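let me see the structure of the following:
(one chain, ligands or ions: 1)
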Amino acid sequence: MGRFYVTTPIYYVNAAPHLGHAYTVIACDVLARHHRQRGDDVFFLTGTDEHGEPVADAAKDQGLEPKELADRNAERFKALMPRLEASNDFFIRTSDDQHKRRVQEVLQRVHDNGHTHLGMYEGWYCPRCADFKCDTEIGPDNTCLIHEIPLVWEQEENWFFNLSTFQARLEQLYAEQPDFVQPETRRNEALSFIKSGLQDVSLSRGKLTWGVEVPWDPSHVFYVWFDALLNYYTALGYARDGEDLTDRFWPANYHVIGKDILKFHTVFWPAILMAAELPLPEHVFVHGFLLAGGGRKMSKSLGNVLDPFEAMDTYGVDALRYYLSRDVQFGADGSVTLDALAARYDAELANELGNLASRSIAMLRRYRDGRVPEGELDLADEFAGLAEDVAARLDGADLTGALDAIWQRVRRLNRYVEAPAPWTISKDDVRAADLDRVLRTLAEGVRTLAVLLWPWIPASSDKLLAALGREDSGYAGATFGAAVPDAVAELEPLFPKQAR
Ligand code: MSP
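Numbers count the residues shown, from 1 in each chain. Below you'll find the predicted structure:
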(Lines give C-alpha, C1' and ligand atoms only; values in the text may rest on other atoms or scores of the structure.)
Protein backbone atom coordinates (compact mmCIF):
# COMPACT_ATOMS: atom_id res chain seq x y z
CA MET A 1 0.00 0.00 0.00
CA GLY A 2 1.24 3.41 -0.85
CA ARG A 3 -0.04 6.90 -1.29
CA PHE A 4 -1.24 8.48 -4.50
CA TYR A 5 -1.71 12.17 -5.22
CA VAL A 6 -3.21 13.00 -8.61
CA THR A 7 -4.23 16.36 -10.05
CA THR A 8 -6.18 17.75 -13.00
CA PRO A 9 -5.26 21.12 -14.46
CA ILE A 10 -7.36 23.83 -12.88
CA TYR A 11 -9.94 25.21 -15.26
CA TYR A 12 -10.27 28.78 -16.47
CA VAL A 13 -13.50 30.33 -15.29
CA ASN A 14 -13.90 32.52 -18.36
CA ALA A 15 -16.25 29.98 -19.94
CA ALA A 16 -18.51 27.07 -19.12
CA PRO A 17 -17.24 23.50 -18.67
CA HIS A 18 -16.93 21.42 -21.85
CA LEU A 19 -15.88 17.95 -22.86
CA GLY A 20 -12.14 18.74 -22.88
CA HIS A 21 -12.42 19.65 -19.20
CA ALA A 22 -14.48 16.56 -18.42
CA TYR A 23 -11.80 14.46 -20.10
CA THR A 24 -8.99 15.22 -17.64
CA VAL A 25 -11.37 14.94 -14.69
CA ILE A 26 -12.51 11.49 -15.80
CA ALA A 27 -8.97 10.30 -16.51
CA CYS A 28 -7.74 11.39 -13.08
CA ASP A 29 -10.81 9.90 -11.45
CA VAL A 30 -10.10 6.52 -13.04
CA LEU A 31 -6.58 6.62 -11.60
CA ALA A 32 -7.78 7.82 -8.20
CA ARG A 33 -10.46 5.14 -7.96
CA HIS A 34 -8.06 2.43 -9.05
CA HIS A 35 -5.59 3.42 -6.35
CA ARG A 36 -8.34 3.53 -3.74
CA GLN A 37 -9.26 -0.01 -4.80
CA ARG A 38 -5.69 -0.98 -4.07
CA GLY A 39 -6.00 0.46 -0.58
CA ASP A 40 -3.64 3.37 -1.25
CA ASP A 41 -3.93 6.64 0.63
CA VAL A 42 -5.32 8.79 -2.20
CA PHE A 43 -5.76 12.50 -2.72
CA PHE A 44 -7.39 13.71 -5.92
CA LEU A 45 -7.40 17.44 -6.60
CA THR A 46 -9.22 19.56 -9.14
CA GLY A 47 -10.42 23.15 -9.20
CA THR A 48 -10.54 26.48 -10.99
CA ASP A 49 -7.94 28.94 -12.23
CA GLU A 50 -9.50 32.32 -11.61
CA HIS A 51 -6.93 35.07 -12.01
CA GLY A 52 -5.27 36.67 -15.00
CA GLU A 53 -6.12 38.45 -18.15
CA PRO A 54 -8.40 35.91 -19.85
CA VAL A 55 -10.79 36.02 -16.89
CA ALA A 56 -10.51 39.78 -16.38
CA ASP A 57 -11.24 40.32 -20.11
CA ALA A 58 -14.20 37.93 -20.16
CA ALA A 59 -15.69 39.63 -17.07
CA LYS A 60 -15.30 43.04 -18.67
CA ASP A 61 -17.07 41.84 -21.81
CA GLN A 62 -20.00 40.73 -19.69
CA GLY A 63 -20.07 43.87 -17.55
CA LEU A 64 -19.07 41.97 -14.41
CA GLU A 65 -16.34 42.22 -11.80
CA PRO A 66 -13.81 39.39 -12.27
CA LYS A 67 -14.76 37.89 -8.90
CA GLU A 68 -18.46 37.81 -9.86
CA LEU A 69 -17.69 35.93 -13.05
CA ALA A 70 -15.33 33.62 -11.16
CA ASP A 71 -17.95 32.86 -8.49
CA ARG A 72 -20.57 32.12 -11.09
CA ASN A 73 -18.43 29.85 -13.26
CA ALA A 74 -16.55 28.14 -10.45
CA GLU A 75 -19.96 26.86 -9.31
CA ARG A 76 -20.52 25.32 -12.72
CA PHE A 77 -17.20 23.50 -12.61
CA LYS A 78 -17.90 22.38 -9.05
CA ALA A 79 -21.29 21.03 -10.12
CA LEU A 80 -19.66 19.15 -13.00
CA MET A 81 -17.71 16.91 -10.59
CA PRO A 82 -20.60 14.92 -9.06
CA ARG A 83 -22.24 14.72 -12.49
CA LEU A 84 -19.09 12.99 -13.76
CA GLU A 85 -19.03 10.79 -10.62
CA ALA A 86 -15.65 12.36 -9.90
CA SER A 87 -14.35 11.40 -6.48
CA ASN A 88 -12.17 14.47 -5.99
CA ASP A 89 -11.07 15.07 -2.40
CA PHE A 90 -11.00 18.84 -2.73
CA PHE A 91 -11.91 21.58 -5.17
CA ILE A 92 -9.44 24.45 -5.08
CA ARG A 93 -10.25 27.97 -6.24
CA THR A 94 -7.24 30.20 -6.78
CA SER A 95 -9.22 33.10 -5.35
CA ASP A 96 -9.18 31.29 -1.97
CA ASP A 97 -7.33 33.43 0.59
CA GLN A 98 -5.34 30.44 1.86
CA HIS A 99 -4.13 29.71 -1.67
CA LYS A 100 -3.07 33.31 -2.19
CA ARG A 101 -1.17 33.45 1.09
CA ARG A 102 0.73 30.28 0.28
CA VAL A 103 1.55 31.44 -3.25
CA GLN A 104 3.06 34.58 -1.73
CA GLU A 105 5.03 32.52 0.77
CA VAL A 106 6.53 30.22 -1.84
CA LEU A 107 7.31 32.90 -4.42
CA GLN A 108 8.77 35.18 -1.75
CA ARG A 109 11.18 32.33 -1.06
CA VAL A 110 12.03 32.14 -4.78
CA HIS A 111 12.74 35.89 -4.64
CA ASP A 112 14.75 35.65 -1.40
CA ASN A 113 16.79 32.83 -2.90
CA GLY A 114 17.87 35.24 -5.62
CA HIS A 115 16.00 33.71 -8.56
CA THR A 116 14.20 36.88 -9.75
CA HIS A 117 15.10 40.18 -11.35
CA LEU A 118 13.31 43.28 -12.61
CA GLY A 119 13.38 43.76 -16.38
CA MET A 120 11.58 45.03 -19.43
CA TYR A 121 9.37 42.60 -21.29
CA GLU A 122 8.67 42.90 -24.95
CA GLY A 123 7.09 40.25 -27.08
CA TRP A 124 4.13 38.71 -28.86
CA TYR A 125 1.46 37.85 -26.33
CA CYS A 126 -1.71 35.75 -26.60
CA PRO A 127 -4.36 37.06 -24.19
CA ARG A 128 -6.28 33.74 -24.32
CA CYS A 129 -3.23 31.63 -23.43
CA ALA A 130 -2.00 34.38 -21.08
CA ASP A 131 1.39 33.59 -22.57
CA PHE A 132 4.24 35.36 -24.31
CA LYS A 133 5.16 33.35 -27.39
CA CYS A 134 8.63 32.40 -28.53
CA ASP A 135 9.49 32.28 -32.25
CA THR A 136 8.45 28.67 -32.79
CA GLU A 137 5.05 29.30 -31.22
CA ILE A 138 3.95 32.06 -33.56
CA GLY A 139 1.69 31.32 -36.52
CA PRO A 140 1.33 33.14 -39.86
CA ASP A 141 0.76 36.92 -39.51
CA ASN A 142 1.67 36.80 -35.83
CA THR A 143 -1.21 34.61 -34.74
CA CYS A 144 -1.60 32.17 -31.86
CA LEU A 145 -1.15 28.59 -33.09
CA ILE A 146 -3.58 27.35 -30.46
CA HIS A 147 -6.36 29.92 -30.63
CA GLU A 148 -5.82 31.16 -34.19
CA ILE A 149 -6.22 34.78 -33.08
CA PRO A 150 -3.85 37.74 -33.60
CA LEU A 151 -1.10 38.08 -31.00
CA VAL A 152 -0.58 41.43 -29.28
CA TRP A 153 2.83 43.15 -29.08
CA GLU A 154 3.25 43.88 -25.36
CA GLN A 155 5.88 45.85 -23.53
CA GLU A 156 6.10 46.36 -19.80
CA GLU A 157 8.32 46.26 -16.77
CA ASN A 158 8.02 42.87 -15.08
CA TRP A 159 9.60 40.80 -12.41
CA PHE A 160 11.30 37.89 -14.10
CA PHE A 161 11.96 34.38 -12.92
CA ASN A 162 15.53 33.42 -13.82
CA LEU A 163 14.50 30.30 -15.70
CA SER A 164 17.65 30.30 -17.83
CA THR A 165 19.76 29.48 -14.77
CA PHE A 166 17.86 26.19 -14.36
CA GLN A 167 18.67 24.78 -17.76
CA ALA A 168 21.37 22.39 -16.59
CA ARG A 169 19.34 21.17 -13.61
CA LEU A 170 16.32 20.56 -15.83
CA GLU A 171 18.40 18.56 -18.29
CA GLN A 172 19.73 16.56 -15.37
CA LEU A 173 16.19 15.94 -14.11
CA TYR A 174 15.17 14.59 -17.52
CA ALA A 175 18.24 12.37 -17.64
CA GLU A 176 17.77 10.98 -14.14
CA GLN A 177 14.00 10.58 -14.31
CA PRO A 178 13.28 9.41 -17.87
CA ASP A 179 9.58 8.97 -17.07
CA PHE A 180 9.15 12.41 -15.52
CA VAL A 181 7.11 13.37 -18.60
CA GLN A 182 4.92 10.77 -20.34
CA PRO A 183 4.32 9.66 -23.04
CA GLU A 184 7.81 9.64 -24.48
CA THR A 185 6.97 11.83 -27.47
CA ARG A 186 5.96 14.57 -25.05
CA ARG A 187 9.09 14.05 -23.01
CA ASN A 188 11.16 14.55 -26.13
CA GLU A 189 9.20 17.67 -27.01
CA ALA A 190 9.78 19.15 -23.55
CA LEU A 191 13.44 18.19 -23.54
CA SER A 192 14.09 19.73 -26.93
CA PHE A 193 12.39 22.92 -25.75
CA ILE A 194 14.79 22.97 -22.79
CA LYS A 195 17.81 22.17 -24.94
CA SER A 196 16.95 24.89 -27.45
CA GLY A 197 17.96 27.35 -24.72
CA LEU A 198 15.77 28.74 -21.95
CA GLN A 199 15.01 32.41 -21.54
CA ASP A 200 13.93 34.03 -18.31
CA VAL A 201 10.17 34.32 -18.00
CA SER A 202 7.87 36.99 -16.77
CA LEU A 203 6.82 36.35 -13.16
CA SER A 204 4.60 39.39 -12.62
CA ARG A 205 2.29 41.76 -14.45
CA GLY A 206 2.18 45.47 -13.72
CA LYS A 207 -0.91 46.42 -15.70
CA LEU A 208 -3.22 43.88 -14.14
CA THR A 209 -4.83 43.98 -10.71
CA TRP A 210 -6.83 40.71 -10.85
CA GLY A 211 -4.29 38.38 -9.31
CA VAL A 212 -2.14 37.60 -6.29
CA GLU A 213 -0.17 40.62 -5.10
CA VAL A 214 3.62 40.35 -5.30
CA PRO A 215 4.59 40.73 -1.63
CA TRP A 216 7.87 42.54 -2.31
CA ASP A 217 6.32 44.86 -4.93
CA PRO A 218 2.57 45.36 -4.36
CA SER A 219 2.15 47.34 -7.59
CA HIS A 220 2.39 43.99 -9.39
CA VAL A 221 0.41 40.77 -9.35
CA PHE A 222 1.95 37.39 -10.12
CA TYR A 223 1.72 36.18 -13.65
CA VAL A 224 -1.31 33.90 -13.55
CA TRP A 225 0.56 30.76 -14.57
CA PHE A 226 2.77 30.76 -11.48
CA ASP A 227 -0.22 31.42 -9.23
CA ALA A 228 -2.09 28.61 -11.01
CA LEU A 229 0.69 26.00 -11.00
CA LEU A 230 1.17 26.45 -7.30
CA ASN A 231 -2.39 25.24 -6.65
CA TYR A 232 -1.07 21.68 -6.68
CA TYR A 233 1.01 22.50 -3.64
CA THR A 234 -1.06 25.11 -1.80
CA ALA A 235 -4.25 23.00 -1.72
CA LEU A 236 -2.67 20.44 0.59
CA GLY A 237 -2.20 23.17 3.19
CA TYR A 238 -5.88 23.89 3.69
CA ALA A 239 -7.99 21.20 2.03
CA ARG A 240 -8.77 19.76 5.48
CA ASP A 241 -9.76 22.07 8.29
CA GLY A 242 -7.09 22.24 10.93
CA GLU A 243 -4.85 19.76 9.13
CA ASP A 244 -1.89 20.20 6.82
CA LEU A 245 -1.69 17.37 4.28
CA THR A 246 1.52 18.57 2.63
CA ASP A 247 3.87 16.05 4.24
CA ARG A 248 1.40 13.26 3.65
CA PHE A 249 0.86 13.84 -0.08
CA TRP A 250 3.56 16.10 -1.52
CA PRO A 251 5.09 15.60 -4.07
CA ALA A 252 2.31 14.64 -6.48
CA ASN A 253 2.53 11.27 -8.22
CA TYR A 254 0.72 12.42 -11.35
CA HIS A 255 -0.14 15.75 -12.85
CA VAL A 256 -2.44 14.98 -15.79
CA ILE A 257 -2.54 17.78 -18.37
CA GLY A 258 -3.41 18.50 -21.99
CA LYS A 259 -0.65 18.99 -24.55
CA ASP A 260 -1.31 22.72 -24.89
CA ILE A 261 0.00 23.37 -21.38
CA LEU A 262 3.09 21.19 -21.64
CA LYS A 263 5.70 23.94 -21.39
CA PHE A 264 4.28 25.29 -18.14
CA HIS A 265 4.17 21.92 -16.42
CA THR A 266 7.33 20.30 -17.74
CA VAL A 267 9.67 23.30 -17.75
CA PHE A 268 8.43 26.23 -15.65
CA TRP A 269 6.90 24.11 -12.90
CA PRO A 270 9.88 21.92 -12.01
CA ALA A 271 12.15 24.98 -12.21
CA ILE A 272 10.03 27.07 -9.84
CA LEU A 273 9.90 24.15 -7.40
CA MET A 274 13.68 23.87 -7.58
CA ALA A 275 13.95 27.59 -6.93
CA ALA A 276 11.67 27.24 -3.90
CA GLU A 277 13.59 24.16 -2.74
CA LEU A 278 10.51 21.93 -2.88
CA PRO A 279 10.41 18.28 -4.02
CA LEU A 280 9.38 17.67 -7.64
CA PRO A 281 6.35 15.69 -8.83
CA GLU A 282 7.00 12.13 -10.00
CA HIS A 283 5.20 12.29 -13.35
CA VAL A 284 3.48 14.69 -15.68
CA PHE A 285 1.21 12.80 -18.05
CA VAL A 286 0.32 14.72 -21.19
CA HIS A 287 -2.84 13.73 -23.02
CA GLY A 288 -3.87 14.77 -26.51
CA PHE A 289 -6.80 16.79 -27.74
CA LEU A 290 -10.28 15.56 -28.26
CA LEU A 291 -11.07 16.68 -31.75
CA ALA A 292 -14.38 17.47 -33.32
CA GLY A 293 -15.62 15.29 -36.18
CA GLY A 294 -13.68 17.22 -38.80
CA GLY A 295 -10.43 16.68 -36.91
CA ARG A 296 -10.18 20.22 -35.55
CA LYS A 297 -9.52 21.07 -31.93
CA MET A 298 -12.63 21.23 -29.82
CA SER A 299 -12.50 24.40 -27.80
CA LYS A 300 -14.65 27.16 -26.48
CA SER A 301 -13.00 29.73 -28.73
CA LEU A 302 -13.61 27.66 -31.87
CA GLY A 303 -17.24 27.02 -30.91
CA ASN A 304 -17.38 23.33 -31.95
CA VAL A 305 -17.81 21.75 -28.56
CA LEU A 306 -19.45 18.36 -27.93
CA ASP A 307 -21.57 18.87 -24.84
CA PRO A 308 -20.77 16.38 -22.06
CA PHE A 309 -24.11 17.10 -20.37
CA GLU A 310 -26.07 16.14 -23.46
CA ALA A 311 -24.00 12.95 -23.81
CA MET A 312 -24.63 12.05 -20.17
CA ASP A 313 -28.34 12.87 -20.34
CA THR A 314 -28.75 10.45 -23.23
CA TYR A 315 -26.33 7.64 -22.42
CA GLY A 316 -25.51 8.06 -18.75
CA VAL A 317 -22.28 9.08 -17.09
CA ASP A 318 -20.67 5.63 -17.24
CA ALA A 319 -21.01 5.56 -21.01
CA LEU A 320 -19.19 8.87 -21.34
CA ARG A 321 -16.44 7.77 -18.95
CA TYR A 322 -16.03 4.49 -20.81
CA TYR A 323 -16.16 5.99 -24.28
CA LEU A 324 -13.48 8.60 -23.70
CA SER A 325 -10.93 6.08 -22.41
CA ARG A 326 -11.85 3.50 -25.01
CA ASP A 327 -12.07 5.46 -28.23
CA VAL A 328 -9.13 7.83 -27.82
CA GLN A 329 -5.73 6.34 -27.02
CA PHE A 330 -4.84 8.16 -23.81
CA GLY A 331 -1.90 10.37 -24.74
CA ALA A 332 -2.85 10.79 -28.41
CA ASP A 333 -5.33 13.03 -30.21
CA GLY A 334 -8.62 11.53 -31.33
CA SER A 335 -11.96 12.52 -32.81
CA VAL A 336 -15.02 12.18 -30.63
CA THR A 337 -18.62 12.39 -31.73
CA LEU A 338 -22.00 11.51 -30.28
CA ASP A 339 -22.47 8.96 -33.06
CA ALA A 340 -19.29 7.13 -32.14
CA LEU A 341 -20.34 7.16 -28.49
CA ALA A 342 -23.72 5.70 -29.47
CA ALA A 343 -22.00 2.97 -31.49
CA ARG A 344 -19.75 1.94 -28.57
CA TYR A 345 -22.72 2.10 -26.23
CA ASP A 346 -24.77 -0.29 -28.36
CA ALA A 347 -22.04 -2.66 -29.47
CA GLU A 348 -19.91 -2.88 -26.35
CA LEU A 349 -21.66 -1.64 -23.23
CA ALA A 350 -25.17 -2.88 -24.05
CA ASN A 351 -24.45 -5.94 -26.22
CA GLU A 352 -21.17 -7.25 -24.89
CA LEU A 353 -21.09 -6.33 -21.21
CA GLY A 354 -24.75 -5.64 -20.46
CA ASN A 355 -26.01 -8.78 -22.18
CA LEU A 356 -23.30 -10.93 -20.68
CA ALA A 357 -24.27 -9.78 -17.18
CA SER A 358 -28.03 -10.14 -17.80
CA ARG A 359 -27.73 -13.56 -19.45
CA SER A 360 -25.45 -14.93 -16.77
CA ILE A 361 -27.71 -13.81 -13.96
CA ALA A 362 -30.88 -14.88 -15.79
CA MET A 363 -29.48 -18.39 -16.36
CA LEU A 364 -28.43 -18.74 -12.73
CA ARG A 365 -31.93 -17.77 -11.70
CA ARG A 366 -33.65 -19.99 -14.25
CA TYR A 367 -31.56 -23.14 -13.86
CA ARG A 368 -30.30 -22.91 -10.29
CA ASP A 369 -32.86 -20.71 -8.49
CA GLY A 370 -30.29 -17.98 -8.21
CA ARG A 371 -27.80 -20.11 -6.23
CA VAL A 372 -24.27 -20.25 -7.59
CA PRO A 373 -23.33 -23.95 -7.79
CA GLU A 374 -20.25 -25.25 -5.98
CA GLY A 375 -17.45 -26.77 -7.98
CA GLU A 376 -14.68 -26.06 -10.41
CA LEU A 377 -14.10 -22.93 -12.47
CA ASP A 378 -13.14 -22.80 -16.13
CA LEU A 379 -11.07 -20.00 -17.69
CA ALA A 380 -8.64 -19.56 -14.78
CA ASP A 381 -5.78 -19.44 -17.28
CA GLU A 382 -7.47 -16.76 -19.33
CA PHE A 383 -7.79 -14.47 -16.34
CA ALA A 384 -4.37 -15.29 -14.86
CA GLY A 385 -2.27 -12.16 -14.43
CA LEU A 386 -5.02 -9.81 -15.58
CA ALA A 387 -5.34 -7.86 -12.31
CA GLU A 388 -1.57 -7.37 -12.18
CA ASP A 389 -1.46 -6.37 -15.85
CA VAL A 390 -4.21 -3.76 -15.38
CA ALA A 391 -2.48 -2.36 -12.29
CA ALA A 392 0.86 -2.16 -14.11
CA ARG A 393 -0.70 -0.39 -17.07
CA LEU A 394 -2.47 2.09 -14.83
CA ASP A 395 0.78 2.73 -12.96
CA GLY A 396 1.96 4.08 -16.32
CA ALA A 397 -1.36 5.94 -16.84
CA ASP A 398 -2.18 3.67 -19.80
CA LEU A 399 -5.93 3.99 -19.39
CA THR A 400 -6.74 2.77 -22.86
CA GLY A 401 -4.46 -0.26 -22.69
CA ALA A 402 -5.78 -1.29 -19.27
CA LEU A 403 -9.38 -1.00 -20.44
CA ASP A 404 -8.61 -2.98 -23.56
CA ALA A 405 -7.01 -5.79 -21.54
CA ILE A 406 -10.18 -6.02 -19.48
CA TRP A 407 -12.43 -5.84 -22.50
CA GLN A 408 -10.68 -8.78 -24.13
CA ARG A 409 -11.95 -10.83 -21.19
CA VAL A 410 -15.47 -9.45 -21.62
CA ARG A 411 -15.25 -10.84 -25.15
CA ARG A 412 -13.70 -14.08 -23.96
CA LEU A 413 -16.61 -14.65 -21.58
CA ASN A 414 -19.05 -13.92 -24.38
CA ARG A 415 -17.43 -16.58 -26.53
CA TYR A 416 -17.52 -18.91 -23.56
CA VAL A 417 -21.21 -18.40 -22.94
CA GLU A 418 -21.91 -19.03 -26.61
CA ALA A 419 -19.76 -22.13 -26.94
CA PRO A 420 -21.16 -24.89 -24.76
CA ALA A 421 -24.67 -23.38 -24.94
CA PRO A 422 -25.69 -23.87 -21.31
CA TRP A 423 -29.39 -23.89 -22.18
CA THR A 424 -28.76 -27.01 -24.28
CA ILE A 425 -26.81 -28.65 -21.52
CA SER A 426 -29.62 -27.94 -19.08
CA LYS A 427 -31.94 -30.29 -20.94
CA ASP A 428 -29.54 -33.11 -20.28
CA ASP A 429 -29.43 -34.15 -16.63
CA VAL A 430 -26.27 -36.14 -17.13
CA ARG A 431 -24.46 -32.94 -17.92
CA ALA A 432 -25.70 -31.06 -14.85
CA ALA A 433 -22.14 -30.89 -13.55
CA ASP A 434 -21.04 -29.16 -16.77
CA LEU A 435 -23.79 -26.62 -16.38
CA ASP A 436 -22.76 -26.04 -12.76
CA ARG A 437 -19.23 -25.28 -13.88
CA VAL A 438 -20.34 -22.95 -16.65
CA LEU A 439 -22.69 -21.02 -14.40
CA ARG A 440 -20.11 -20.73 -11.65
CA THR A 441 -17.50 -19.54 -14.14
CA LEU A 442 -19.88 -16.94 -15.53
CA ALA A 443 -20.80 -15.63 -12.07
CA GLU A 444 -17.17 -15.31 -11.06
CA GLY A 445 -16.05 -13.97 -14.43
CA VAL A 446 -18.68 -11.25 -14.46
CA ARG A 447 -17.87 -10.35 -10.85
CA THR A 448 -14.15 -10.08 -11.60
CA LEU A 449 -14.88 -7.84 -14.58
CA ALA A 450 -17.17 -5.64 -12.50
CA VAL A 451 -14.35 -5.05 -10.01
CA LEU A 452 -11.80 -4.37 -12.75
CA LEU A 453 -14.15 -2.02 -14.61
CA TRP A 454 -15.19 -0.14 -11.48
CA PRO A 455 -12.81 2.83 -11.98
CA TRP A 456 -14.36 3.50 -15.41
CA ILE A 457 -18.01 2.65 -14.81
CA PRO A 458 -18.48 2.87 -11.05
CA ALA A 459 -22.28 3.16 -11.00
CA SER A 460 -22.82 0.17 -13.32
CA SER A 461 -20.19 -1.91 -11.55
CA ASP A 462 -21.78 -1.22 -8.19
CA LYS A 463 -25.18 -2.32 -9.50
CA LEU A 464 -23.70 -5.47 -10.93
CA LEU A 465 -21.75 -6.30 -7.80
CA ALA A 466 -24.90 -5.79 -5.72
CA ALA A 467 -26.82 -8.23 -7.95
CA LEU A 468 -23.99 -10.72 -7.46
CA GLY A 469 -24.13 -10.31 -3.69
CA ARG A 470 -20.49 -9.23 -3.60
CA GLU A 471 -20.48 -5.49 -3.04
CA ASP A 472 -16.79 -5.17 -2.27
CA SER A 473 -15.02 -3.45 -5.17
CA GLY A 474 -11.57 -3.67 -3.55
CA TYR A 475 -8.70 -4.87 -5.66
CA ALA A 476 -8.25 -8.16 -3.82
CA GLY A 477 -11.44 -9.11 -5.65
CA ALA A 478 -9.95 -8.31 -9.07
CA THR A 479 -8.40 -11.77 -9.14
CA PHE A 480 -10.53 -14.45 -10.78
CA GLY A 481 -11.58 -16.98 -8.15
CA ALA A 482 -11.09 -14.61 -5.22
CA ALA A 483 -14.74 -14.13 -4.24
CA VAL A 484 -17.08 -16.44 -6.16
CA PRO A 485 -20.66 -15.25 -5.54
CA ASP A 486 -23.01 -17.48 -3.50
CA ALA A 487 -26.27 -16.26 -4.95
CA VAL A 488 -27.50 -13.72 -7.47
CA ALA A 489 -30.45 -11.36 -7.53
CA GLU A 490 -32.36 -9.82 -10.40
CA LEU A 491 -30.46 -7.22 -12.41
CA GLU A 492 -32.05 -4.31 -14.25
CA PRO A 493 -30.43 -3.82 -17.68
CA LEU A 494 -27.15 -1.99 -17.05
CA PHE A 495 -27.18 -0.17 -20.39
CA PRO A 496 -30.78 -0.06 -21.59
CA LYS A 497 -31.39 0.07 -25.34
CA GLN A 498 -34.17 2.61 -24.90
CA ALA A 499 -31.72 5.14 -23.45
CA ARG A 500 -32.37 7.56 -26.28
N1 MSP B 1 -6.05 27.17 -16.46
C2 MSP B 1 -5.16 26.47 -17.32
C3 MSP B 1 -4.50 25.32 -16.61
C4 MSP B 1 -3.75 25.68 -15.37
S5 MSP B 1 -3.11 24.27 -14.58
C6 MSP B 1 -2.11 24.87 -13.38
C7 MSP B 1 -5.95 25.94 -18.52
N8 MSP B 1 -7.25 25.84 -18.38
S9 MSP B 1 -8.28 25.37 -19.50
O10 MSP B 1 -9.56 25.40 -18.87
O11 MSP B 1 -8.12 26.14 -20.68
O12 MSP B 1 -7.88 23.92 -19.91
C13 MSP B 1 -7.83 22.92 -18.96
C14 MSP B 1 -7.46 21.59 -19.57
O15 MSP B 1 -8.45 21.20 -20.50
C16 MSP B 1 -6.13 21.60 -20.30
O17 MSP B 1 -5.39 20.45 -19.91
C18 MSP B 1 -6.51 21.46 -21.73
O19 MSP B 1 -5.55 20.74 -22.45
C20 MSP B 1 -7.79 20.66 -21.61
N21 MSP B 1 -8.58 20.78 -22.81
C22 MSP B 1 -9.24 21.88 -23.28
N23 MSP B 1 -9.76 21.56 -24.50
C24 MSP B 1 -9.42 20.30 -24.82
C25 MSP B 1 -9.80 19.40 -25.82
N26 MSP B 1 -10.54 19.73 -26.83
N27 MSP B 1 -9.39 18.11 -25.70
C28 MSP B 1 -8.74 17.65 -24.59
N29 MSP B 1 -8.40 18.46 -23.64
C30 MSP B 1 -8.44 19.84 -23.86
O31 MSP B 1 -5.33 25.60 -19.51
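
distance between stretch 7-21 and the chain's centre?
Relative to its chain's centre, stretch 7-21 lies at 12 Å (CA atoms, centre = their mean, to the nearest Å).

that should have said stretch 399-413, apologies.
20 Å.

also stretch 363-381?
37 Å.

begin at 52 from now on, thanks
Okay, using 52 as the starting number, the last item reads as stretch 414-432.

specify the beta-bridge partners of the residue of the chain found nearest the ligand.
With CB to the nearest ligand atom, the shortest gap between the chain and the ligand falls at G309, namely 1.7 Å. The C-beta positions use only the backbone N, C-alpha and C, and glycine is treated the same way. G309 has these beta-bridge partners by DSSP bridges: H338.

pretty sure it contacts T75?
Yes - between G309 and T75 there is a contact at 6.7 Å, judged by CB atoms under 8 Å.

which neighbours do those two have in common?
P60, H338 (CB atoms under 8 Å, 6 or more residues apart in numbering).

residues touching L464, list them.
So L464 contacts L407, L430, L493, G496, V497, L500 (CB under 8 Å, 6+ apart).

mind giving me the packing neighbours of whichever strand or helix holds the fourth one?
Here G496 is covered by helix 483-504, with elements defined by DSSP states H and E. Where contact means 3 or more CB pairs under 8 Å, 6 or more residues apart in numbering; DSSP states H and E, helix 483-504 is packed against helix 406-419, helix 437-446, helix 450-469, helix 473-476, helix 509-518.

got the residues of this structure near the ligand?
60-63, 71-72, 74-75, 100, 279-280, 282, 308-309, 311-312, 340-341, 348-350 (CB under 6 Å from any ligand atom).

inside strands: which ones of these?
Per DSSP state E, strands hold the following members of the residues of the chain next to the ligand: Y62, Y63, D100, I308, G309, L341.

quote the end-to-end distance of stretch 302-314.
19 Å (CA to CA, to the nearest Å).

who's in contact with that stretch?
Defining contact as CB under 8 Å, 6+ apart, one finds that stretch 302-314 is touched by 54-60, 71, 75, 78-79, 82, 180, 197, 232, 237, 240-241, 244, 283, 316, 320, 329-340, 448.

average pLDDT across it?
Confidence for stretch 302-314, expressed as mean pLDDT, is 97.

starting at the chain centroid, how far to that stretch?
10 Å.

buried ones in that stretch, by neighbour count?
A303, N304, Y305, H306, V307, I308, G309, K310, D311, I312, L313, K314 (16 or more other CB atoms under 10 Å).

in those, find the pair that's most separated.
Spanning the widest gap among these are N304 and D311, at 22.4 Å by CB to CB.

ChimeraX command to pick out the buried ones of the contacts of L464?
Filtering the contacts of L464 down to the buried ones (16+ other CB under 10 Å) takes a single ChimeraX command:
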select :407,430,493,496,497,500
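
what's the most distant pair in the contacts of L464?
It's L407 and L430 that sit farthest apart of the contacts of L464, by CB to CB, at 13.1 Å.

could I get the contacts of L464 as TSV with pLDDT?
What follows is the contacts of L464, written out as TSV (pLDDT from 0 to 100):
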residue	pLDDT
L407	98
L430	97
L493	98
G496	98
V497	98
L500	98
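
looking at the contacts of L464, which one is closest to M363?
L500 (22.8 Å).

contact partners for A107?
So A107 contacts P117, L259, W261 (CB under 8 Å, 6+ apart).

against S138, how distant is the closest residue to the second one other than its chain neighbours?
Which is L259. Distance criterion CB to CB, 6 or more residues apart in numbering; nearest residue to L259, sequence neighbours excluded, is V272 at 5.5 Å. Look at V272 and S138: by CB to CB, to the nearest Å, they are 34 Å apart.

which residues of the stretch 152-301 of the chain fall in strands?
167-177, 182-183, 189-190, 194-195, 203-212, 232-233, 252-253, 255-256, 272-273 (DSSP state E, counting those that start in this stretch).

buried ones in the first one?
Of the residues in strand 167-177, those scored as buried under the neighbour-count criterion (16+ other CB under 10 Å) are T167, Y172, G174, W175, Y176, C177.
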